[in-house]
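S.K.: This is a predicted model, with the sequence first.
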Amino acid sequence: MKEKFFALWKERKMTSFLITWVLFLIVLWWKFYQEEVEIINTTSLAFTYEYGFISRGLMGTIFLFVDKLLPMDMMNYEGVMAFTLVTTFMYFALLLGFFMICLMKCTKDISERTKYMILFFTMFAISMFITKYNFGRYDMYCLMLSLIAAILLIYEKAEWLVIPLSALSIMIHQGNVFYLLNIILILLLYKAFSYEGKKRQKYIVLFVGSFVVSSALFLYFEFFSRTNGALHFDRITEVAKSLRFDGDIHEDIIDHEVLGIDLADRELVYRYKNFLEFPVFCLFSSPYLVMAFCFFKNLIKKAETIIDKWKYFFVSVGAATMLPALIMKCDFGRWVFMMMAYYFVVILALVAMRDSLVEEELHAVADRIKKMGPAGLVLLIYPAFFLPFKDVVISQLSYNVADILNTEIFHLWK
């Protein structure tokens, strides 16, 4: 077994890929790391289960446990910074582990193409969580849980854990029911459509269990967990101030998550910015959107059975679970990244599961890019101009264009 593993490692040139990926990480870190935990992320860590089973309380509870476990005081900004650095590097390690697993499990024929896809996604997956906007953002932890679930489903080991993993992701951030939970649900649905008999029944049960548990937790956190928020407001605010270097707090998140105040009026100006920037970003991204549309259209077209066509259809529209967030909320930078994460993680997982149609279409995409010559190289480099994604703002480049349009034509904000 050991000899087979090392032979496969050598055959796939995994050592050279590992070195390349780590160097890529170092360059991205040097370029984008801003060494600051933004105020929304320090304030979030003040939410713990000391105040009851409240929304977004899991990470704060873990942080509080770490404080009690270690001999030093962690309940300050230095502690938050140390905690965030450690967990961010844990995310890097898990992300790399997922990539390596996909490369080891896929067929030899597609491994080189998979490496390019991994490096392309890495640009966004690393830069997203090292800027001040999203350093320590709870989205990172939700993505980590979805990656773990994807690994379990690739290996078909301890797959029942997808249900508690789904629940934990909602306990971290109840909005994950719309965001990165789709990775888990769509992979379960894919496997249910791919098998027959008892195996199909197993994945249907896991899908229903994950969906029902996550939905129940979401409804509880959205409508029932804030009934006693006023009793804990002062204490949570005090803790949040102690976790920030300037003693400041993010009032909006406390008002919404603790007191249940609707923030629609406060977010209106951000929504105007979203609705102008998003079409601009889509226009800039149109070459990739066309490629993705053709990729999934061909998958569905080439599938031989009705069941397989439905299987690939659900994979292709899985990111549509994010539509409620796009309609109701304003963090379009986060949503765009999560849609991208969904498609890359799911496609990589299907490659690791050796889906022959997915492999065939990836080869077709790579061949089309090769035939483009220098323009194909531009397609691989072009996204660097949009890095890093932010939170309300998607990217600085597309926002600057939207701002010019607003100033000259639309006048939606000042």
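M.R.: Noted; the coordinates are in hand.

S.K.: Residue 48 against residue 60, yeah?
M.R.: Yes - using CB atoms under 8 Å, residue 48 makes contact with residue 60 at a distance of 4.1 Å. C-beta here means a position set from N, CA and C on the backbone, and glycine is covered the same way.

S.K.: So for the two, which sits in the more crowded spot?
M.R.: residue 60 (25 against 21; other CB atoms under 10 Å).

S.K.: any idea which element that one lies in?
M.R.: Residue 60 is part of helix 58-69 when elements are defined by DSSP states H and E.

S.K.: Quick one: list the elements packing against that helix.
M.R.: helix 77-105, helix 162-172 (3 or more CB pairs under 8 Å, 6 or more residues apart in numbering; DSSP states H and E).

S.K.: what's the most buried one of these?
M.R.: Mean neighbour count (mean count of other CB atoms under 10 Å) peaks for helix 162-172 among those, with a mean of 23.

S.K.: Next SSE downstream of that one?
M.R.: helix 181-194.

S.K.: after that next one comes which helix or strand?
M.R.: helix 197-223.

S.K.: centre of the chain versus that next one, how much separation?
M.R.: When distances are taken as CA atoms, centre = their mean, to the nearest Å, helix 197-223 is centred 20 Å away from the chain's centroid.

S.K.: Pull out the buried positions in that helix.
M.R.: Buried residues in helix 197-223, defined by neighbour count with 16 or more other CB atoms under 10 Å: 202-204, 206-207, 209-211, 214, 217-218, 221.

S.K.: Repeat that for stretch 370-384.
M.R.: For stretch 370-384, using 16+ other CB under 10 Å, the buried residues are 379, 383.

S.K.: quick one: contacts for residue 243?
M.R.: 42-43, 45-46, 75-77, 79-80 (CB atoms under 8 Å, 6 or more residues apart in numbering).

S.K.: Quick check: pLDDT value at it.
M.R.: Looking at residue 243, its pLDDT reads 96.

S.K.: repeat for residue 4
M.R.: Confidence for residue 4, expressed as pLDDT, is 74.

S.K.: cool, the one 5 residues further on as well?
M.R.: At residue 9, the model reports a pLDDT of 86.

S.K.: How about exporting the helix or strand containing it as CSV, limited to the C-alpha atoms?
M.R.: Secondary structure from DSSP H and E places residue 9 in helix 2-11. This file holds the C-alpha atoms of helix 2-11, laid out as CSV (Å, rounded to 0.1, in the frame of the first residue of the first chain):
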residue,chain,number,x,y,z
LYS,A,2,2.8,2.4,0.9
GLU,A,3,4.7,1.6,-2.3
LYS,A,4,1.5,2.2,-4.3
PHE,A,5,0.9,5.6,-2.6
PHE,A,6,4.5,6.8,-3.3
ALA,A,7,4.3,5.6,-6.9
LEU,A,8,1.1,7.5,-7.4
TRP,A,9,2.6,10.6,-5.7
LYS,A,10,5.6,10.5,-8.0
GLU,A,11,3.5,9.8,-11.1
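
S.K.: Next one: residue 247 from residue 199, what distance?
M.R.: 56 Å (CB to CB, to the nearest Å).

S.K.: Where do the strands of the chain begin and end?
M.R.: Counting by DSSP state E, the chain forms no strands at all.

S.K.: about what we covered before: redo the contacts of residue 243 as JSON lines? Include distance to residue 387.
M.R.: Shown next, in JSON lines, are those (distance: CB to CB, whole Å):
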{"residue": "42", "distance to residue 387": "24"}
{"residue": "43", "distance to residue 387": "26"}
{"residue": "45", "distance to residue 387": "27"}
{"residue": "46", "distance to residue 387": "30"}
{"residue": "75", "distance to residue 387": "33"}
{"residue": "76", "distance to residue 387": "31"}
{"residue": "77", "distance to residue 387": "27"}
{"residue": "79", "distance to residue 387": "29"}
{"residue": "80", "distance to residue 387": "25"}
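
S.K.: Residue 281: which of the helices and strands packed on helix 58-69 is closest?
M.R.: Residue 281 lies closest, by CB to CB, to one member of the helices and strands packed on helix 58-69: helix 77-105, at 23.9 Å.

S.K.: chain center to that closest one, what's the gap?
M.R.: The answer for helix 77-105 is 13 Å, by CA atoms, centre = their mean.

S.K.: so what secondary structure elements neighbour that helix?
M.R.: helix 14-32, helix 39-44, helix 58-69, helix 108-127, helix 138-155, helix 332-352.

S.K.: hang on, residue 167 packs against residue 215?
M.R.: No - if you go by CB under 8 Å, residue 167 and residue 215 don't touch, sitting 10.6 Å apart.

S.K.: Lowest mean pLDDT among the helices and strands, pick that one out for this structure.
M.R.: Ranked by mean pLDDT, DSSP states H and E, the weakest helix or strand in the chain is helix 2-11, scoring a mean of 80.

S.K.: Wait, residue 232 touches residue 51, no?
M.R.: Yes - between residue 232 and residue 51 there is a contact under CB under 8 Å: 4.1 Å.

S.K.: What distance do you get for residue 228 to residue 258?
M.R.: Counting by CB to CB - residue 228 and residue 258 are separated by 9 Å.
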